[in-house]
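K.L.:
next input, structure requested:
(2 chains)
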Amino acid sequence: MSMKMDNWTFGVTMIIVGMGGTLLTLWILSLLMSFLKKVFPLAKEDK
Amino acid sequence: MSEAIVNGLYGLVAGFLNMHWSNPIMIVIGIVLLYLGIKKDIEPVLLVPIGFGCILVNIPLAGLMEKDGFLRIIYEAGIITELFPLLIFVGIGAMTDFGPLLENPKIFLLGAAGQFGIFLTLALALALGFTKLEAVSIGIIGACDGPTAIYVTSQYAPQLLGAVSVAAYCYMSLVPIIQPPIMRALTTKEEKVINMGMVKKSVSKTTKLLFPLIVTILGGLIAPKGLPLLGTIMLGNFMKECGVVSRLTKASENEIANIVTLLLGISIGATMDGRVFLTSQTIIILCLGFVAICLDTACGVLFGKLMKVLTGGRVNPLIGAAGISAYPMSARVVQKEGQKYDKKNYLLMHAMGANTGGQVGSVMAAAVMLSILKGIGVI
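P.N.:
Below is the predicted model:
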């Protein structure tokens, strides 16, 4: 979607969606990794 | 005959006569970069080729950056095509152990907070009159991640490549000087001495193997424009963790990374022609880069404080400062700073987790940013 926007709108969009998007993506990743750790626990032989 | 002799002599002094006032200054800057790399040990593998490239390109009439000049050929082959930063990323992935991060996945959030400086600096650059894409390229210095900065800038603001790259690499190496005062100012004595205990080994090989695959697929789906960055770093890490392609892993972290670093460095130096580099814009970019890294550190520590509250005091906010991509320097700074207040407090492995989270975070932030730009039609 192409849209014309002024610098103020652009800056605010980048801050909100950029910071929010990065935080949300890494939070989802952290949840997935916690889940994986439970599904595939460290076996005795790994230790 | 005398005319031929005069013309011949002119040929020998033409280099001096065609010197622009900015060229000698840039040659001195090139020598300063060499000095910083050699004598001060500041990112020597990059600053030496960058400094030398800077000297080469500021010698007039050699035409090294003109069509068919050898620096132009390297620049077009590796920077314009974005190949060099991506190949470096394969090597970085192959060198990085995400184990400490996977031991405590919540620390991923610190890797996100450590990128907030990117977006805040972007807004500052816009306020100072830079165009949208220039502001994006300046903000990305806050990723504290040279290849990411080069990847984004070479695509969207190639005219700023020299300034952004030099700022990114210089500030990355100045992390041990920049971060400690901010960490001290934003934390109380009680917070600095929080002991997070030992990191227990709890991550299976399967989890380590699945991590790069999941980051690639999920990250790629959320932010497809950043997939080259994510995909290459995760390819390197997958090769390392799968353990069956050790030849490729070793080549990625040694031969390929070394050759590409040399070519990348010299190409960046080649963009530092005095006529385009010596502007007030460059000085503003260097200042904004500094601000970006300070903001990253501050946001990381403040987010660490929030995590401390949410976890009932089990997180030492100092490790938030390591949520940037300067690996492993930033983690070492946290360890050193923590031990100033309690010699028995070993924060290193927790900080390493945050630091590797910062590596993924910086790439993810760039990927998210590029996808937003695509979404709103700026690129």
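
K.L.:
so who does B:V301 touch?
P.N.:
Remark: with contacts taken as Cβ atoms under 8 Å, 6 or more residues apart in numbering or on different chains, B:V301 is in contact with B:182-183, B:186-187, B:317-318, B:320-321. Backbone N, C-alpha and C define where each C-beta goes, glycine included.

K.L.:
which pLDDT value belongs to it?
P.N.:
The predicted structure scores B:V301 at 96 on the pLDDT scale.

K.L.:
which SSE is it in?
P.N.:
Taking DSSP states H and E as the criterion, the element that holds B:V301 is helix B:280-310.

K.L.:
state the mean pLDDT of the helix or strand just after that helix.
P.N.:
With elements assigned by DSSP H and E, the helix or strand that comes after helix B:280-310 is helix B:329-341. Confidence over helix B:329-341, taken as the mean pLDDT, stands at 92.

K.L.:
likewise stretch A:28-45?
P.N.:
If you average the per-residue pLDDT over stretch A:28-45, you get 87.

K.L.:
so the residue in chain B that chain A sits nearest to: helix, strand or coil?
P.N.:
When distances are taken as Cβ to the nearest Cβ, chain B approaches chain A most closely through B:G377, which lies 3.1 Å from it. Going by DSSP: H, G, I helix; E, B strand; the rest coil, the secondary structure assigned to B:G377 is coil.

K.L.:
next, count neighbours for it.
P.N.:
Close neighbours of B:G377, defined as other Cβ atoms under 10 Å in any protein chain shown, add up to 11.

K.L.:
how about B:G129?
P.N.:
11.

K.L.:
pLDDT wise, what is it at?
P.N.:
Here the pLDDT value assigned to B:G129 is 94.

K.L.:
can you pull the contacts of B:I268?
P.N.:
With contacts defined as Cβ under 8 Å, 6+ apart, the neighbours of B:I268 are B:46, B:49-50, B:53, B:79, B:150, B:161-162, B:165-166.

K.L.:
recalculate using a threshold of 7 Å.
P.N.:
Contacts for B:I268 were tallied using Cβ atoms under 7 Å, 6 or more residues apart in numbering or on different chains; they are B:50, B:53, B:161-162, B:165.

K.L.:
in helices, which of these fall?
P.N.:
Members of those lying in helices (criterion: DSSP state H): B:50, B:53, B:161-162, B:165.

K.L.:
any chance of JSON lines for these, columns neighbour count, distance to chain A and pLDDT?
P.N.:
Converted to JSON lines, the ones in helices among the contacts of B:I268 look like this (neighbours: other Cβ atoms under 10 Å in any protein chain shown; distance: Cβ to the nearest Cβ, whole Å; pLDDT from 0 to 100):
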{"residue": "B:I50", "neighbour count": "29", "distance to chain A": "29", "pLDDT": "91"}
{"residue": "B:G53", "neighbour count": "28", "distance to chain A": "32", "pLDDT": "94"}
{"residue": "B:L161", "neighbour count": "22", "distance to chain A": "21", "pLDDT": "91"}
{"residue": "B:G162", "neighbour count": "26", "distance to chain A": "24", "pLDDT": "88"}
{"residue": "B:S165", "neighbour count": "28", "distance to chain A": "22", "pLDDT": "88"}
